[in-house]
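Asker: structural data only, the sequence is not supplied:
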């Protein structure tokens, strides 16, 4: 039995000729395929992603909702850049809340002239650090206001969010300045 099996094995080639090009191309294909894979996530969040976390953990989501639409008594954030044209005024509003803003400015004006707050009461978030404050404002302006990455405003907010600049160094916005907000509140 072994004698009859041996002659057939000697006449057969080990690898078919048609398979040789495939075997040669396989390592090249594996190298190219590996190059198309995305690198593993670094585990670090971007300032906008960190802002989304602050938006949730600080409680902004409870009133303005996850989609930023607000409610009958809470303004939507979809027009946040029209309401607060200067990011610094937006940051100040979030830090002080409406009662603090009204007290600091001596006016019941909400945002840019002609804007309405729907009569809601927003608490101040003075406990947020400058970085957290910039992160949440950056998130709101990007996610709900359409702020584009790379714009001057984006870069300035990013500098505060990353800790490269402070809110005090950014200064007061036009509305806060016109309202007479004391710049010392920036260092609180």
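Answerer: On my side now, so go ahead. Because the structure is a prediction, the values reported are computed rather than measured.
Asker: can you read off the pLDDT for residue 109?
Answerer: pLDDT recorded at residue 109 is 78.
Asker: residue 29 in helix, strand or coil?
Answerer: Following DSSP: H, G, I helix; E, B strand; the rest coil, the label given to residue 29 is helix.
Asker: distance of it from residue 37?
Answerer: 13 Å (CB to CB, to the nearest Å). Backbone N, C-alpha and C define where each C-beta goes, glycine included.
Asker: of those two, who's got more company?
Answerer: residue 29 (10 against 7; other CB atoms under 10 Å).
Asker: contact partners for the more buried one?
Answerer: By CB atoms under 8 Å, 6 or more residues apart in numbering, the contact list for residue 29 is empty.
Asker: that one and residue 89: what is the separation?
Answerer: Distance, residue 29 to residue 89, by CB to CB: 56 Å.
Asker: which strands and helices lie in contact with the one helix or strand residue 56 maps to?
Answerer: Assessed by DSSP states H and E, residue 56 sits inside helix 47-57. Helix 47-57 makes packing contacts with helix 130-143, helix 152-161 when contacts are defined by 3 or more CB pairs under 8 Å, 6 or more residues apart in numbering; DSSP states H and E.
Asker: could I get those as a markdown table with mean pLDDT and mean neighbour count?
Answerer: Output for the helices and strands packed on helix 47-57, formatted as a markdown table (pLDDT from 0 to 100; neighbours: other CB atoms under 10 Å):
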| stretch | mean pLDDT | mean neighbour count |
| --- | --- | --- |
| helix 130-143 | 95 | 25 |
| helix 152-161 | 95 | 19 |
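Asker: which helix or which strand is home to the closest residue to residue 103 other than its chain neighbours?
Answerer: Among residues not flanking residue 103 along the chain, residue 96 sits closest, at 7.9 Å (CB to CB, 6 or more residues apart in numbering). Per DSSP H and E: residue 96 is located in helix 87-105.
Asker: equivalent analysis for residue 15, please.
Answerer: Here residue 15 is assigned to no helix or strand, by DSSP H and E.
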